[in-house]
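[1] missing the sequence, but the structure's below:
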Ligand code: AMP
C-alpha cells in the first residue's frame, strides 16, 4: 500500500500521515522534514535549501528529486508520502521510479480546505526544533504549554509560518501543485478529502476512504 498526500500548507497532511501509518503499519516520509533536517545540518546544500524554505519558495525540482527518490527507494515496505511530489516534474520522476521498482502508488489523497480555516491553523501551529513534532495551541496542544511532549524543548513558530510567507506558499501551491490534481486524476488513483474539520473527524474519513479503496481493489 503506497499512498501520497496532496494539499495546501496547513491542510493537515503531516498529522493525517502519522495516523494512516499507525493504522496500516506504513512508513511516513515528509519532504518538509527531510528538507528541515538538511537545513539544520548546515551543509552547503542545507544552506541553499534554507533560502528557498524561509522565503516560502519551492526547492528546485532537480534537487528535490535527487533528495527524495533515494529515500523513497530505501523504504522497506509500504509508505505514505507527505509533501512530495509537489510539481508535475516531481510526480513524473516518482511515477517512473516506482514503476521500475514495481512499487507503484496505489492512492493519492487530495486534502481540500477553506482558506480561512488554513489561516487559523497557521496562527496556532508550533514545532519542536529538535524532534520536529508539530502541535497546535488549540487543536493539538502539548501537555505543558509551549514545551515539546517528547523532549521538553521549547516549541517555536516555523520561520515559514509567518503570515506573509504563508500567503506566498498558498499561492505557490495553487500554481505549482494544482496541476498535479489533474495528473493523478488521469491516472485514476485520486480521491478528494474535505480536510476542514477537526483532526479526529478528518481522520475517520481518511481511514475509511483508504479501507474502502483497498477493499475494492
Ligand atoms: P512542508 O513542511 O511540507 O510545508 O514544506 C516546507 C517547505 O519545504 C515548503 O514551503 C517548500 O519550501 C519546501 N518543500 C517541501 N516539499 C517540497 C517539494 N516537494 N518541492 C519543493 N519544495 C518543497
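    Received the coordinates, thanks. Given the structure is predicted, the values throughout are model-derived calculations rather than measurements.
[2] what is the burial count for residue 206?
    Using other CB atoms under 10 Å, residue 206 has 23 neighbouring residues. In short, each C-beta sits where N, CA and C put it, glycine included.
[3] contacts for the host helix or strand of it?
    Using DSSP states H and E, residue 206 sits within helix 199-216. For helix 199-216, the external contacting residues (CB atoms under 8 Å, 6 or more residues apart in numbering) are 1, 3, 12, 15-16, 19-20, 23-24, 106-107, 109, 139-140, 191, 193-197.
[4] please apply the same query to stretch 51-69.
    Taking CB under 8 Å, 6+ apart as the rule, stretch 51-69 contacts 29, 31, 34-36, 38-39, 45, 48-49, 84, 86-87, 89-90, 93-94, 97, 159-160, 165-169, 172, 176.
[5] which ones among these are found in strands?
    residue 29 (DSSP state E).
[6] which ones, among the contacts of stretch 51-69, also lie beside the ligand?
    31, 35, 84, 86, 90, 160, 169 (CB under 6 Å from any ligand atom).
[7] about what we covered before: what residues of the helix holding residue 206 count as buried?
    202, 203, 206, 207, 210, 213 (16 or more other CB atoms under 10 Å).
[8] and for stretch 91-111?
    91, 93-95, 97-98, 103, 105-111.
[9] in the protein, what residue comes closest to the ligand?
    For the chain, the residue closest to the ligand is residue 32, as judged by CB to the nearest ligand atom, at 2.1 Å.
[10] and residue 54, how many neighbours?
    Neighbour tally, residue 54, other CB under 10 Å: 14.
[11] up against the ligand, what does this structure have?
    So far as CB under 6 Å from any ligand atom goes, the chain lies against the ligand at 9, 31-32, 35, 52-53, 56-59, 64, 83-86, 90, 160, 169.
[12] for the buried ones among these, write the corresponding ChimeraX selection.
    The buried residues among the residues of the chain next to the ligand can be selected in ChimeraX (16+ other CB under 10 Å) with this line:
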select :9,31,32,35,52,53,56,58,59,64,83,84,85,86,90,160,169
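[13] tell me which of the residues of the chain next to the ligand fall in helices.
    31, 32, 35, 52, 53, 64, 90, 169 (DSSP state H).
[14] of all the residues you listed, which comes closest to residue 182?
    Minimum distance to residue 182 across these is 14.7 Å, recorded for residue 90 (CB to CB).
[15] correct me if wrong: residue 87 contacts residue 180.
    Yes - Residue 87 lies in contact with residue 180 (CB atoms under 8 Å); the separation is 7.2 Å.
[16] before we move on, back to that, list the contacts of the residue of the chain closest to the ligand.
    Taking CB under 8 Å, 6+ apart, one finds 14, 82, 83 in contact with residue 32.
[17] reformat those as CSV; add pLDDT and distance to residue 145.
    As requested, those are exported to CSV (pLDDT from 0 to 100; distance: CB to CB, whole Å):
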residue, pLDDT, distance to residue 145
14, 92, 21
82, 95, 27
83, 94, 28
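[18] show me which of these is closest to residue 146.
    Among the contacts of residue 32, and counting by CB to CB, the member closest to residue 146 is residue 14, at 19.9 Å.
[19] in the protein, which spans are helices?
    13-24, 31-41, 44-54, 61-73, 88-100, 115-124, 163-172, 178-187, 199-216.
[20] the fourth one - what's its average pLDDT?
    Spelled out, it's helix 61-73. Mean per-residue pLDDT for helix 61-73: 94.
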